[in-house]
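**Student:** My questions concern the predicted model and sequence given below.
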Amino acid sequence: MGGHSHWATTKRHKASVDAKRGKVFTRIIREITIAARAGGDPDGNPRLRLAIAKAKDANMPGDTLKKAIQRGTGELPGVTYEEFTLEGYGPGGTAVLLEITSDNRNRTVAEIRNLLTKNSGNMAEAGAVSWQFHKKGLIVVEKGKVDEDKLLSLALEAGAEDVKVDEKAFEVITDPHDFETVKKALTDAKIESSLAEVTFVPQNNVKLQEKAAEQMLKLMEILDEHDDVQKVHANFDIPDEIMEKVAAAG
């Protein structure tokens, strides 16, 4: 399985939703606020529609959701966030792509540069690593939740580009425009996903062994904890046995 899903899987099993709820809400609120700039009606705003669905999946209170939309549309005062990406390199020459929302670009860039430098990485120029990623819809379904042939048939019929298989899960890959359609088809078929989002999927992965794997996971966790980081993407691939060993040691 590709690096993105390895990291996503690690995060899912590493901490309970309750422990992370404050951080999850912060990210979703920023996403809703930015998306609502293009209009507060989700029917005519696909990005806002996806953000609202994510908020509901996280059990965000309705009042919190409503206020986030109103801050985006200007009905309520709020902080103005800027969206941008930052690029860097991690252990073993891995490519790192960060999606950022910040109210102070210079501060955020300086902080991310410092985190990379102190944790076996370094900042890269714009465009240095982003070409290694494609924006895709990604839906991960754990094995045992669905029959493989049924998932393949449903996903491809709904417009998925590909379904990848590994020892523990299925990865359904879609064009971003087809993500909602494919996700709805699986939801309607009562197929439960452990991860569903539009993300950046690496074209190729760098296989990491124990020391570099440990450094990479530490770097990913540190970057993921930064308040202005919405998403962290990287093209690492860590074999399951090393992933389990590193996780157990941590």
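**Tutor:** Yes, it's here. Numbering: from 1, shown residues only.

**Student:** can we go C-alpha only for contacts and neighbour counts from here?
**Tutor:** Fine.

**Student:** and N119, what pLDDT?
**Tutor:** Among the per-residue scores, N119 shows a pLDDT of 96.

**Student:** Would you mind measuring from it to Q215?
**Tutor:** Distance from N119 to Q215, counting by CA to CA, to the nearest Å: 7 Å.

**Student:** just checking, next helix/strand downstream of the longest strand seen in the chain?
**Tutor:** The strand spanning the most residues in the chain, taking DSSP state E as the definition, is strand 133-142. Next in sequence after strand 133-142, counting helices and strands by DSSP states H and E, comes helix 148-158.

**Student:** Which pLDDT value goes with the residue of the chain most remote from its centre?
**Tutor:** No residue in the chain has its C-alpha farther from the mean C-alpha position than E75, which lies at 28.9 Å (CA atoms, centre = their mean). For E75, the model assigns a pLDDT of 95.

**Student:** is it true that it lies in a helix?
**Tutor:** No - the assignment for E75, made by DSSP: H, G, I helix; E, B strand; the rest coil, is coil rather than a helix.

**Student:** Distance of it relative to T33?
**Tutor:** 11 Å.

**Student:** elements contacting the longest helix out of those in the chain?
**Tutor:** In the chain, with assignment by DSSP state H, the single longest helix is helix 17-35. Secondary structure elements in contact with helix 17-35, counted by 3 or more CA pairs under 8 Å, 6 or more residues apart in numbering; DSSP states H and E, are helix 46-57, helix 62-73.

**Student:** can you tell which of those helices is closest to V146?
**Tutor:** When the helices and strands packed on helix 17-35 are compared for distance to V146 using CA to CA, the nearest one is helix 46-57, at 20.5 Å.

**Student:** Mind checking the pLDDT average for the closest one?
**Tutor:** Confidence over helix 46-57, taken as the mean pLDDT, stands at 92.

**Student:** possible to save the helices and strands packed on helix 17-35 as TSV with distance to L219 and mean neighbour count?
**Tutor:** Formatted as TSV, the helices and strands packed on helix 17-35 follow (distance: least, CA to CA, whole Å; neighbours: other CA atoms under 10 Å):
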stretch	distance to L219	mean neighbour count
helix 46-57	26	18
helix 62-73	30	18
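
**Student:** could those go into JSON lines alongside distance to I112?
**Tutor:** Output for those, formatted as JSON lines (distance: least, CA to CA, whole Å):
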{"stretch": "helix 46-57", "distance to I112": "25"}
{"stretch": "helix 62-73", "distance to I112": "26"}
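
**Student:** Find the least confident helix or strand in this protein, judged by mean pLDDT.
**Tutor:** Confidence across the helices and strands of the chain bottoms out at helix 3-14, with a mean of 52, counting by mean pLDDT, DSSP states H and E.

**Student:** separation between L116 and V206?
**Tutor:** In this structure, L116 lies at 18 Å from V206, with CA to CA as the measure.
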